[in-house]
Structures are given as C-alpha cells and as structure tokens.
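J.: predicted model and sequence follow; I will ask about them next.
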Amino acid sequence: MKIAVTYENEQIFQHFGHTEQFKIYTAENGKIISSEVIDTNGSGHGALAGLLSSLGVDALICGGIGGGAQMALAQAGIKLYGGVSGSSDAAVEALLGGTLGFNPNVKCDHHEHHGEGHTCGDHGCGHNCH
C-alpha cells in the first residue's frame with residue numbers, strides 16, 4: 001500500500017493544491033517499510049492527482065482540499081483522508097492502526113483568497129476549511 005501525505009517540515013501541509021512536496025510511504029502488513037519525500041515541481045490542483053496516480057498511491061492524507069481535487073482523486077481510485085493536521089509520520093501510523101481521525105466532508109472553498117500567504121484551516125478571514 002502506498003500512502004501520500006501533503007508535506008512540509010515533518011507536518012501535514014494544510015492546502016492540497018499548494019503543496020510543494022508529498023511524503024510517500026510504502027506500507028506492508030500494517031507497517032511502514034519505506035518513505036521518501038518528492039517535489040511536486042509546481043504542479044497545481046488538477047495535475048497533483050495525476051502525479052499521485054502515476055506513483056501508484058492508494059491513499060492521501062491532507063488538510064484542506066477543494067471539490068475538484070477530491071473528484072480527481074476519486075476518479076484515480078485514491079482514498080482521501082482530509083482535514084488532518086500534525087505530524088505526517090504519526091498520521092500514517094494512525095491510519096495503518098485504524099485510529100486516524102479525519103473529516104470525510106472536508107472542504108476548502110476559499111480559492112478567491114489565493115496569494116495571501118495563509119494556510120488552510122481557520123485563518124481569520126471567516127472561512128474554515130474543516
């Protein structure tokens with residue numbers, strides 16, 4: 001099983017469409033056997049699902065994610081675990097152990113605010129992506 005996490009400084013990056021890196025974990029029998037950090041090379045919302053699919057990813061853990069990206073992931077057969085924050089390693093361990101808390105209805109609908117340098121979540125502009 002391959003699990004991708006939106007990644008920045010050991011943490012889950014909170015906006016899927018703006019992530020510059022994924023940490024890709026390979027797991028067998030409920031244990032992480034390897035991991036690597038890959039750059040997205042500036043790929044945007046639509047291309048990221050294709051990138052993950054080309055890598056054979058089965059599941060994605062992220063913070064906020066927009067509806068279009070959710071549909072692209074679903075079409076690629078990638079299971080989404082959104083609305084997650086904190087340590088990427090701990091989140092993958094929790095997913096493998098069946099204890100990951102995630103939001104199945106996660107939304108990120110503040111796209112009109114691009115370029116303001118915020119992270120997804122409660123960022124003081126009245127929108128909350130969770």
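T.: Yep, it's here. Residues are numbered from 1 along each chain as shown.
J.: the protein: helices as residue ranges?
T.: 45-54, 67-75, 88-97 (DSSP state H).
J.: export those to TSV and tack on distance to residue 30, mean neighbour count and mean pLDDT?
T.: Bear in mind the C-beta positions are built from the backbone N, C-alpha and C, glycine included. Formatted as TSV, these follow (distance: least, CB to CB, whole Å; neighbours: other CB atoms under 10 Å; pLDDT from 0 to 100):
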stretch	distance to residue 30	mean neighbour count	mean pLDDT
helix 45-54	21	16	87
helix 67-75	23	16	92
helix 88-97	5	18	97
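J.: quick one: closest of the ones you listed to residue 9.
T.: Closest approach to residue 9 among those is made by helix 88-97 (9.5 Å; CB to CB).
J.: just the angle between the lowest-mean-pLDDT helix or strand in the chain and helix 67-75, please?
T.: Ranking every helix and strand in the chain by mean pLDDT, DSSP states H and E puts helix 45-54 at the bottom, with a mean of 87. With axes from the mean of the first three to the mean of the last three CA atoms, to 10 degrees as the basis, helix 45-54 and helix 67-75 are set at 20 degrees to each other.
J.: fine by me, we can end here.
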